[in-house]
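K.L.:
Need coordinates for the following:
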Amino acid sequence: MKGKGTQAGFFQSQGSIRNLIFDLDGTLIDSRLDIARSQAFAMKSRGFSSSEETFLPLAGQPLHVAFRNARPDLDTLELECLIGAYREHYREHALDTTVPFAGIREMLLELHASGVGLAVATTKGSAQARQIIAGLNLLEMLDGVFGTDPPLRYKPEPDLLLHVLERQNWDADTAVAVGDAHTDMAAARAARCRSGAALWGAHDRGRLLAESPSFDFESPAEILDLVISRR
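P.N.:
Sure thing, here's the model as predicted:
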């Protein structure tokens, strides 16, 4: 758990932390298998050969990106059909194997009790994200759940984080955006807030750390320790 990057980046990592903005999949919850199974189901329903192993390495990518990475030859109409089939299947199976990562519930409980502002910013739609978070009994610990609803652009664009900061009336200088993907780090930088790399969920630690996050965390307990020390 430490500051990263240039001297300017080091100084950016200093100061109080009053609010945390978490990515969802791969950061708060281990949802890779349920997502990959629904993606593979969608492909098979449209007559393509596929398996969950095809999509596990693509975890965290927006749906249109993941499907196009799996099948670069997809046209726009077929892509829309795949996304529709995925959403129908995932709606019924989003919690088959998905659970919070070890230590997440305890971390959120203590941070919430300490008065730290907590929000989720995810590539999922807001309604679906809230449904999943509620199903895992995490919703009551959060001040807000924000998905990438139109017209917001996906990370690494800063739209979603800026939207959260505006809606919650939080100052970027006292916020840290925590995620498991390089796009989370890039979005935080573009939104001019500090970033935290959730290494327990990262499927590409090297690429994540190459983004020079303000902090890197091996466990949720390290986030708790840092925030308490900065209050």
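K.L.:
Would you mind listing the buried residues in the helix or strand hosting Ser229?
P.N.:
If you go by DSSP states H and E, Ser229 is part of helix 220-230. Of all the residues in helix 220-230, those buried under the rule 16 or more other Cβ atoms under 10 Å are Pro220, Glu222, Ile223, Leu224, Leu226, Val227. For glycine as for every other residue, the C-beta is placed from the backbone atoms N, C-alpha and C.
K.L.:
Likewise for stretch 119-136?
P.N.:
Result for stretch 119-136 [16+ other Cβ under 10 Å]: buried residues 119-124, 126, 128-133, 136.
K.L.:
Those residues into CSV, with extra columns for distance to Asp180?
P.N.:
Below are those laid out as CSV (distance: Cβ to Cβ, whole Å):
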residue, distance to Asp180
Ala119, 16
Val120, 13
Ala121, 13
Thr122, 12
Thr123, 12
Lys124, 14
Ser126, 20
Gln128, 19
Ala129, 16
Arg130, 20
Gln131, 21
Ile132, 16
Ile133, 17
Leu136, 17
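K.L.:
just checking, which of these belong to strands?
P.N.:
With strands taken from DSSP state E, the overlap with these comprises Ala119, Val120, Ala121, Thr122.
K.L.:
doesn't Leu142 make contact with the first one?
P.N.:
In other words, Ala119. Yes - Ala119 lies in contact with Leu142 (Cβ atoms under 8 Å); the separation is 6.3 Å.
K.L.:
Show the average pLDDT along the helix holding Ser229.
P.N.:
Taken as a whole, helix 220-230 carries a mean pLDDT of 92.
K.L.:
any idea which helix or strand comes after the one helix or strand in the chain whose mean pLDDT sits lowest?
P.N.:
Least confident helix or strand of the chain, by mean pLDDT, DSSP states H and E, is helix 7-12 with a mean of 42. Sequence order places strand 19-22 as the next helix or strand after helix 7-12, per DSSP H and E.
K.L.:
Farthest out from the centre of this protein, which residue is that? Tell me.
P.N.:
Each residue of the chain has a distance to the centre, and by Cα atoms, centre = their mean the biggest one is for Gly47: 30.4 Å.
K.L.:
How much space separates that one from Ser229?
P.N.:
55 Å (Cβ to Cβ, to the nearest Å).
K.L.:
Equivalent analysis for Gly60, please.
P.N.:
From Gly60 across to Ser229, the span is 29 Å (Cβ to Cβ).
K.L.:
No more questions from me, cheers.
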